[in-house]
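Provided below are the primary sequence and the corresponding predicted coordinates.
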Amino acid sequence: MQATNVTLGIPNLNNMNTQDYIELEQQYGADNYHPLDVVITKGQGVWIWDIEGKKYLDFLSVYSALNQGHCHPKILAAMIEQAQKVTLTSRAFRNDQLGRFYEKLSEISGLPKVLPMNSGAEAVETAIKAIRKWAYKVKGVPENQAEISDSCFIALLQQDVDLEQIQPE
């Protein structure tokens, strides 16, 4: 590692190179991903730059989560406008944007109800709950008898599960 801030023990980020950032990540981060040894520092549209100044065409686009490109001006403007009003509300409260977002997403998707997720973990949890409910309501599995395993979950997902059949009463 390069120079360190003596007061806090934090590396001086201005003097770090690619290997320093990689070592810092490896020292303090859990080993779950194995990324490329490129340290990205900025992005604009389809382009990204590493800390050494090398420019790359971003073919990954955060696995399609950024298909609009990095730092899209309209999205940035909307983010700044909203963050200046309220940064985030818990789902324990209602807000003046969520219903309108649901309505627009429902119109675009053609589906009567939507359930956006913050993470893959939430999506999996919700899918398991939906499949369990489908098993009780559609397949006739006795109450509290549904068992979800990896193979069962995959098998149920491969079936044509009609979520309309499991809407709340």
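Received the coordinates, thanks. None of these values were measured; they are calculated from a predicted model.

ok, which stretches of this protein are helices?
Taking DSSP state H, the helices of the chain run over residues 18-28, 73-85, 98-109, 120-137, 150-158.

buried residues in the fourth one?
Neighbour-count burial for helix 120-137, with 16 or more other C-beta atoms under 10 Å as criterion, is recorded at 127, 131, 132, 133, 134, 135, 136. Just so you know, the C-beta spots here come from the backbone N, C-alpha and C atoms, and that holds for glycine as well.

ok, back up a step: nearest to residue 60, of the helices of the chain?
helix 120-137 (16.6 Å; C-beta to C-beta).

okay, that closest one in CSV with CA atoms only?
What follows is helix 120-137, C-alpha atoms only, in CSV (Å, rounded to 0.1, in the frame of the first residue of the first chain):
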residue,chain,number,x,y,z
GLY,A,120,-32.3,-10.4,-5.7
ALA,A,121,-32.7,-11.8,-2.1
GLU,A,122,-36.1,-10.0,-1.9
ALA,A,123,-37.1,-11.4,-5.3
VAL,A,124,-36.2,-14.9,-4.4
GLU,A,125,-38.1,-14.6,-1.0
THR,A,126,-41.2,-13.2,-2.8
ALA,A,127,-41.0,-16.0,-5.5
ILE,A,128,-40.9,-18.6,-2.8
LYS,A,129,-43.9,-17.1,-1.0
ALA,A,130,-45.8,-16.9,-4.3
ILE,A,131,-45.0,-20.5,-5.2
ARG,A,132,-46.1,-21.7,-1.8
LYS,A,133,-49.4,-19.8,-2.1
TRP,A,134,-49.8,-21.2,-5.6
ALA,A,135,-49.2,-24.7,-4.2
TYR,A,136,-52.0,-24.2,-1.5
LYS,A,137,-54.5,-22.5,-3.7
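
from the chain's centre, how far out does it sit?
In terms of C-alpha atoms, centre = their mean, to the nearest Å, the centre of helix 120-137 is found 18 Å from the chain centre.

where are the low-confidence patches of the protein?
Low-confidence segments of the chain (pLDDT under 70): 1-13, 149-169.

residues near residue 112, how many?
Counted by other C-beta atoms under 10 Å, the residues lying close to residue 112 total 9.

again, but for residue 15
Residue 15 is flanked by 11 other residues according to other C-beta under 10 Å.

now it: how far from residue 41?
Applying C-beta to C-beta, to the nearest Å, the value for residue 15 to residue 41 is 14 Å.

still on that earlier bit, distance to residue 56 for the helices of the chain - can I get that in TSV?
As requested, these are exported to TSV (distance: least, C-beta to C-beta, whole Å):
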stretch	distance to residue 56
helix 18-28	13
helix 73-85	21
helix 98-109	32
helix 120-137	26
helix 150-158	35
